[in-house]
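S.K.: Dropping a prediction and its sequence here:
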There are 2 protein chains.
Amino acid sequence: MKIAISIVEDNRFVREGWLAVFEPIPEFVILGAYANCEDAFESEQFGVSDVVLMDIGLPGMSGIEGVRYVSEKFPDIAVVLCTVFDDDKKIFDALCNGAIGYLLKKITADDLISSIKSAASGGSPMTPNIARKVIASFQKPIFKSPPKTENLTEREQEVLNLLAQGKSYSAIGKQLYLSVDGVRYHIRHIYEKLQVHTRTQAVAKGLKDRIIQPPR
Amino acid sequence: MKIAISIVEDNRFVREGWLAVFEPIPEFVILGAYANCEDAFESEQFGVSDVVLMDIGLPGMSGIEGVRYVSEKFPDIAVVLCTVFDDDKKIFDALCNGAIGYLLKKITADDLISSIKSAASGGSPMTPNIARKVIASFQKPIFKSPPKTENLTEREQEVLNLLAQGKSYSAIGKQLYLSVDGVRYHIRHIYEKLQVHTRTQAVAKGLKDRIIQPPR
DNA sequence: AGAGTCACCGCATATCTATGCGGTTTCTAA
DNA sequence: TTAGAAACCGCATAGATATGCGGTGACTCT
């Protein structure tokens, strides 16, 4: 099965460069190459793309907005963003909005080809240091928090998890076979250790520092 | 510069298979191959590894615990986990505990080699569908929530953000130049839209669905 | 001109929360 | 054996919260 790709890139030379990379390869079918999102989305064939290779810095609708649109309208299309910016915020913005890959323009033609193949077959192509950043975002910030921020005991973690579900003292008590005052006891300590004064702050901090997982 | 690798894998055949992959390549120096974490961590040379290739299902200390230990004790070592399990929980557990790569054992020798090289040079090797899962975890669940879950108005988002900081009605009111009852008004609507009944649930949901960002 | 949505304000009240201070037991490490 | 942490339990109380019902004015779309 051939891989149908569409290209969205405002710079003519880059666009034609990409075209020149894929055109000679029989495995690829190029559905279209557009200078901006608006043109692309108007096109009939665009919707049947397997992969869209898109720039971020586009005139009019940006690549970030574009990827959002595509992932809502055509959830089956794999959008790969390609940009000169190795900027954390842009990367995570792009990923949050539905991009399944993120490449830098300095990529070689060979890597670009294998990236698009990967995107078409269920992978998520990223340049190495972007992959590393993405992975790093999962790491607990154990490094940067010398304060005893998160030495929660097991029991305290259990309680914090139930707090995150919005349960009341008595609901937590029932679930954990504790008295209401027993629950209070743990919550006090959670507040101390996290240095907060309300359950909401505790939950926000617990989620941010990945001490607990989001409910459901 | 050569790449110093250590191997931790209980299955003798797999272990020797890996050895056989790396030994003939002059670019790699194998510091040791161990059947379990305990043996590995006792070894003198272990600490100077560039990359550790480790199984998850180990007797005694598991690969997950192992990676946690390594990333705390030797933060500069890149730990790549390798396993037969394509299990979401394991993957994210591993990443949260400091793994910088996650491979499946069905990987080819060539891919294994390039993965280790990538790990040594700042990348994060993952098999394609794991990469996809990791990326997918960033996506808003806009797809699976046709309920009006997140059509919060701007004002409501402002309020929700302050909620996440643990502010009280009156504190929010002051900051937003609202009366206490005005704040209540918005919070009511937030609860309705998010289908929750407490501020804590609202914040947890808001953070999970990335409607709001974690405070600070 | 009427309907709908948004942004507000007000009041009442049962319930929940935060925090103070007091206690017991069990386990572990010095 | 003494000290510390952890896991409980109890009581008191000011204050915060959730939720009910009632309003007004501004703006937009039809």
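M.R.: Nice, I can see it. Numbers count the residues shown, from 1 in each chain, chains lettered A, B, ... in the order given.

S.K.: Now name the helix or strand holding the residue of chain A found nearest DNA strand D.
M.R.: DNA strand D sits closest to A:Gly182 of chain A, with a gap of 2.3 Å, by Cβ to the nearest atom of the strand. For every residue, glycine as well, the C-beta is placed using N, CA and C. According to DSSP states H and E, A:Gly182 maps onto helix A:180-194.

S.K.: Next SSE downstream of that helix?
M.R.: helix A:199-208.

S.K.: Now A:Gln175: closest residue in space, sequence neighbours ignored.
M.R.: A:Leu162 (6.4 Å; Cβ to Cβ, 6 or more residues apart in numbering or on different chains).

S.K.: So for the worst-scoring helix or strand of chain A on mean pLDDT, what gets flagged as buried?
M.R.: Within chain A, no helix or strand scores below helix A:88-96, which has a mean of 80 by mean pLDDT, DSSP states H and E. Residues of helix A:88-96 classed as buried: A:Lys90, A:Ile91, A:Phe92, A:Asp93, A:Ala94, A:Leu95 (neighbour count, 16 or more other Cβ atoms under 10 Å in any protein chain shown).

S.K.: Enumerate the residues of chain A near DNA strand D.
M.R.: Residues of chain A lying close to DNA strand D by Cβ under 7 Å from any atom of the strand are A:151, A:153-156, A:173, A:176-179, A:181-182, A:184-186, A:198.

S.K.: Turn the buried residues of helix A:88-96 into CSV, columns for distance to A:Asp10.
M.R.: Formatted as CSV, the buried residues of helix A:88-96 follow (distance: Cβ to Cβ, whole Å):
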residue, distance to A:Asp10
A:Lys90, 16
A:Ile91, 20
A:Phe92, 23
A:Asp93, 19
A:Ala94, 17
A:Leu95, 22
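
S.K.: Let me know the pLDDT of A:Lys140.
M.R.: As predicted, A:Lys140 sits at a pLDDT of 55.

S.K.: can you list the domain ranges for chain A.
M.R.: A:3-136, A:154-208 (automatic domain parsing).

S.K.: thinking again about what came up before, just the residues contacting the least confident helix or strand of chain A, thanks.
M.R.: With Cβ atoms under 8 Å, 6 or more residues apart in numbering or on different chains as the test, helix A:88-96 has contacts from A:56, A:63-64, A:67, A:81, A:83, A:102, A:130, A:133-134, A:137, B:135, B:138-140, B:210.

S.K.: again with stretch A:199-216
M.R.: With Cβ under 8 Å, 6+ apart, stretch A:199-216 has contacts from A:138, A:140-141, A:145, A:149-150, A:152, A:157, A:160-161, A:163-165, A:187, A:190-191, A:194, A:196, B:96, B:163-166, B:199-201, B:203-204, B:207-208, B:214-215.

S.K.: With stretch A:6-14 instead?
M.R.: For stretch A:6-14, using Cβ under 8 Å, 6+ apart, the contacting residues are A:15, A:18-19, A:30-37, A:40, A:43, A:45-46, A:49, A:51-55, A:57-59, A:63, A:66, A:82, A:105.
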